[in-house]
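[1] here are the coordinates; sequence isn't available:
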């Protein structure tokens, strides 16, 4: 029987994970950063400017280019999607799931939002969130 650690290791095998700084640069170059943190987590820590907030429960439907419920950014299977969560665990599972749908450029951020914030990268303060 597999453990969550086994699942995480398997998910990360095909990911070329990014540091927060690398993700920031790629976002500036047009990559789609997808924030899957909950509203409560975002209220506590703030938002990443220009990141798309997509609930983890609908992530695959929003990013699958063949889905009638996709977001406008899901133009094809080559779109660069960088998933970020709170600590960098569930984002690995999510990115692997997106790769399973054929989004071969999907990956995630090492350390998640915590690492993004610690690196001093831009954050919209929680009090500015609606």
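    Sure thing, it's come through. In this text, all values refer to a predicted model and were calculated from it rather than measured experimentally. Residues are numbered from 1 along each chain as shown.

[2] how long is stretch 6-24 end to end?
    29 Å (C-alpha to C-alpha, to the nearest Å).

[3] next, the buried residues of that stretch.
    11, 12, 15, 17, 18, 20, 22, 23, 24 (16 or more other C-beta atoms under 10 Å). No exception for glycine: its C-beta is placed from N, CA and C like everyone else's.

[4] confirm that the first one sits in a helix.
    Which is residue 11. Yes: counting by DSSP: H, G, I helix; E, B strand; the rest coil, residue 11 is located in a helix.

[5] which of the buried residues of stretch 6-24 fall within strands?
    Of those, none are assigned to strands by DSSP state E.

[6] let's have those in TSV, adding pLDDT and distance to residue 43.
    TSV is the format used below for the buried residues of stretch 6-24 (pLDDT from 0 to 100; distance: C-beta to C-beta, whole Å):
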residue	pLDDT	distance to residue 43
11	97	28
12	98	29
15	97	28
17	98	26
18	98	25
20	98	20
22	98	27
23	98	22
24	98	22
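
[7] lowest-confidence helix or strand of the protein?
    helix 39-45 (a mean of 94; mean pLDDT, DSSP states H and E).
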